[in-house]
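1. Just the structure for this:
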Amino acid sequence: MVSSDHFRQELSAQIDRAAKRGAEQVEINARELHRAVGGYPGPNHRMPSCCEVMQKEMKPGDVLVDASEQGKGAGLTIRYVLPRIG
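-> Numbers count the residues shown, from 1 in each chain. So this is what the prediction gives:
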């Protein structure tokens, strides 16, 4: 089963890849993150956990681009500013 640690690791990997490309920001969508980790869509998806991990990674300057369904849905999209500081 997919855990919060799996989401955290994949989120970190996506942010790191964008930073290595020299990007100044990266937009990450919960649906895409969950699909990258696995188990979505499916009856045992962990979308609320995925969204919680994404929100906890937010730092000053990051932007909540879309937060339908109280921030716990597949549409959640966050723009993370790069490089990550703090």
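
2. Helix, strand, or coil at the residue located most distally from the centre of the chain?
-> What lies farthest from the middle of the chain is residue 43; by CA atoms, centre = their mean that is 20.4 Å. On the three-state scheme (DSSP: H, G, I helix; E, B strand; the rest coil), residue 43 is labelled coil.

3. roughly how far apart are it and residue 64?
-> 28 Å (CB to CB, to the nearest Å). From N, CA and C alone the C-beta is placed, and that goes for glycine too.

4. And residue 50, by the same measure?
-> For residue 50, the distance to residue 64 - CB to CB - is 15 Å.

5. Settle it for me: which of the two has more neighbours?
-> Comparing residue 50 with residue 64 by other CB atoms under 10 Å, the one with more neighbours is residue 50, at 29 against 13.

6. quick one, what contacts the more buried one?
-> Each residue near residue 50 by CB atoms under 8 Å, 6 or more residues apart in numbering is listed here: 7, 30, 33-34, 37, 40.
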